[in-house]
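Novice: Okay, predicted coordinates and the sequence, questions at the end:
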Amino acid sequence: MIIADLADIAGRTYPARRRTQNLVGGPSPIQASNFSMGNVTLDPDGGQVPWHNQRQEEIYFIVEGTGEMCLGEERTVVRSGQAVYIPPQVFHQLTNIGSTPLRMIYCYGPAGDVAHWRQELDGTLPKAGVEAPSLPPGAQPQCTERPKP
């Protein structure tokens, strides 16, 4: 039996103020060909999964906290207990708008790496309204800052 335990997974911290812990795929002991899955913690007051798209379809399940979810031209508030379906190739962003951490589980398929992780670390995410479609009106701004050395 292979078990991935969040208590044992350090994860990776990203410039947009979040930590991602791979449960299935990436450096996790569990590998699957049809999906990847992980736990994401967004820092209070603005931690974010920045505006991006990917070839896989995906689900975000909000475990705790409150966030602003942007999906294509739509924007809404999401909270614990809700799941959001993200179709392939559709730009999306999740921002913590609460004063406590927001935790969510992502699951996408098929399995494989997603470009936005490396782009964010390298400071090369496509900018909303420039190299990527604009965010919905009134949305929190996209974090595209390059990490400080």
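Specialist: That came through, no problem.
Novice: Which residue ranges of the chain form helices?
Specialist: 115-122 (DSSP state H).
Novice: Now do the strands in it.
Specialist: 12-14, 18-24, 36-42, 48-52, 57-64, 66-71, 74-79, 83-86, 92-96, 102-109 (DSSP state E).
Novice: show me where pLDDT drops low in this structure?
Specialist: The chain contains residues with pLDDT under 70 at 146-149.
Novice: 90 - rerun?
Specialist: Residue ranges of the chain with pLDDT under 90: 112-118, 120-123, 143-149.
Novice: Pick out the residue closest to the middle of it.
Specialist: Residue closest to the average C-alpha location in the chain (CA atoms, centre = their mean): residue 49, at 4.0 Å.
Novice: Find the residue closest to that one in space, skipping its chain neighbours.
Specialist: Closest residue in space to residue 49, ignoring its immediate chain neighbours: residue 94 at 4.5 Å, by CB to CB, 6 or more residues apart in numbering. C-beta here means a position set from N, CA and C on the backbone, and glycine is covered the same way.
Novice: One more: residue 144?
Specialist: Nearest to residue 144 is residue 125, by CB to CB, 6+ apart, at 5.0 Å.
Novice: mind listing what the one you found touches?
Specialist: 50-52, 116, 119, 142, 144 (CB atoms under 8 Å, 6 or more residues apart in numbering).
Novice: Perfect, that will be all.
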